[in-house]
Structure formats: structure tokens, C-alpha cells
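J.: Mind folding the following:
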Amino acid sequence: MEFNKTDYAVQIEDLTVAYDAKPVLWDIDLDIPQGKLMAIIGPNGAGKTTLLKAMLGLLVPVTGTVHFFQETDNSLRKLKNKVAYVPQSGSVDWDFPATVLDIVLMGCYGRLGFIKRPGKKDREDALQCLYKVGMEGYASRQISQLSGGQQQRVFLARALMQTADIYFMDEPFKGVDIQTEKAIVLLLKELKESGKTVVVVHHDLQTVPEYFDWVTLINIKVIASGPVEEVFHEQNLKKAYRSTGNLLKNAV
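T.: Reported below is the predicted structural model:
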């Protein structure tokens, strides 16, 4: 499938990331078209979260570049209104003294700055974002009082509040119940249908064909990337997971 350069949301060239001189990602070349719902899959330690953080500028690579929408200046300052990030739930301090509404309103700080306070319209928008994730009745609840699935929904609402063009999500289904998972999938597909690009670190091979239309398989290097129906097959999975077992059993 051919794309023009202007069709790409993210372009990565020669990206290498290392921890203590040990490469975690090696010579990554990856183009992510706009308007796709993409899964990043691979075994534990393959560099999935590292790739996400490197794209976001949260990690400094040894070599390589990341470009969004063909921009030459990819500073977080310039991209703050274009990129939203939902981290792994385990990396968040859930004891932080804030209400659900406070957390969602943080999504508009990129637009307002940290000095200007959110106004009435911002609060109405935040409540609407909570409604979209089924959490409108929890606005005044302390974030620490919520279940894991509820907390994940709140962070999705915060990402929606940013009205970004690209959404990065690190295992948004981890630790949530099936009802929450289905609600998140529906939301992600709605974002994709509205022209947004959604990049998700994912671990469940069985749901890839149902949830996503684009997939990238990595294991330190990019094994394959493209439409699910073209690259999500046993041969590529064996390369990524270095296994001879039937990884696609019951998956497709």
C-alpha cells in the first residue's frame, strides 16, 4: 500500500535507544499513516513502551529522528496540542490528591498553560469527556477511590480533553474488565473514524484483528508493519516472538 509523505502522522528514521549501553531498540524505521488505529505488539522486553516513549520525546535516543506531520520542529512545546498520551496505569501515582474532574481538566493545560485557570466551558467539556467514557457520575470522586478500570477511563477522558490529532496509549486494556475493554475499543474506533491516529501498545494477539486496522510487530527491531490483513500472520509472529508454536491459534 503506497502513501504520500503528507499522509503520515509519524515518521521514524534510524532510531536506536539504549539503556546502560545495551540497545533496547535498534535501527527503527517506521511510518505510521494518518487516521489509523495501530497496535504495537511483541514479546516482553521487545521495546514496545520504549518505542512509545521515544516517539513522545520522553527518552533521548542514541541516534535517529521522529517527525510528526512532516514537521521539522518536533519539540513537545510545539506539539502539545497535537499529541495525547495515556501511560500504563502502573506508572501513575494514584494517591495524588485530585478529583476525577481535576484530572480530566489537566488535559486542557497545554492550551491554557499552568497559570490560567480552566473556565466554565472547560469544565463543561471535561464533563462531556467523562460522559463519553461512562464516568460522568464520578466527577467529584478522589482518583484514588476508583477501581483500576475506572482510573483508566478517567485518563482516557483526560486524553480526549486535549482534542489531539495523535493518541498514544500504553496498554490501555491492562487490568480492566471486559466491559471497560469494550467501551475503550469503541472509543478508539470513534477517534479513528473522526480522522485521528491512535497508537496502542497491546499484548493480546487474539483481539488484534477485531480491534485494529494497522499493526506493527517489533522485537528490538521492526519485524513488520502494515494493514492487519497483510502483516498479521504466523510467519511474522514467529519472527517477532521467536517461537515455533501456533501463535495464531484462536486468534484469527
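J.: all contacts plus neighbour counts: C-alpha atoms, from now on.
T.: Will do.
J.: Touching, residue 31 and residue 7? I think so.
T.: No - with contact defined as CA atoms under 8 Å, residue 31 and residue 7 do not form a contacting pair (9.7 Å).
J.: Which one's more surrounded, those two?
T.: residue 31 (20 against 15; other CA atoms under 10 Å).
J.: Now the host helix or strand of residue 127: average pLDDT?
T.: Element membership of residue 127, judged by DSSP states H and E, is helix 120-132. Averaging pLDDT along helix 120-132 yields 90.
J.: can you offset everything so residue one is 567?
T.: Right, with 567 as the first residue, what we last looked at is helix 686-698.
J.: quick check: mean pLDDT across the helix or strand following that helix?
T.: On the C-terminal side of helix 686-698, the closest following helix or strand by DSSP H and E is helix 714-727. Averaging pLDDT along helix 714-727 yields 87.
J.: Then stretch 798-807?
T.: 94.
J.: what does stretch 632-651 give?
T.: The pLDDT scores in stretch 632-651 average 73.
J.: and if you look at stretch 754-768?
T.: For stretch 754-768, mean pLDDT is 95.
J.: show me the contacts for the closest residue in space to residue 758 that isn't next to it in sequence.
T.: Of all residues not flanking residue 758 in the chain, residue 601 sits nearest, at 5.6 Å (CA to CA, 6 or more residues apart in numbering). Residues in contact with residue 601 (CA atoms under 8 Å, 6 or more residues apart in numbering) are 758-764.
J.: Mind checking which of the residues you listed are in strands?
T.: The strands, defined by DSSP state E, take in 763-764 from the contacts of residue 601.
J.: ok, of the contacts of residue 601, which come out buried?
T.: Among these, those buried by neighbour count (16 or more other CA atoms under 10 Å) are 758, 762-764.
J.: about what we covered before: can you state the direction angle for the helix holding residue 693 and helix 714-727?
T.: 140 degrees (axes from the mean of the first three to the mean of the last three CA atoms, to 10 degrees).
J.: returning to what we had before: which one among the buried ones among the contacts of residue 601 gets closest to residue 711?
T.: Proximity of the buried ones among the contacts of residue 601 to residue 711 (CA to CA) peaks at residue 764, which lies at 28.6 Å.
J.: Who does that closest one form a beta bridge with?
T.: Beta bridges link residue 764 to residue 603, residue 733, judged by DSSP bridges.
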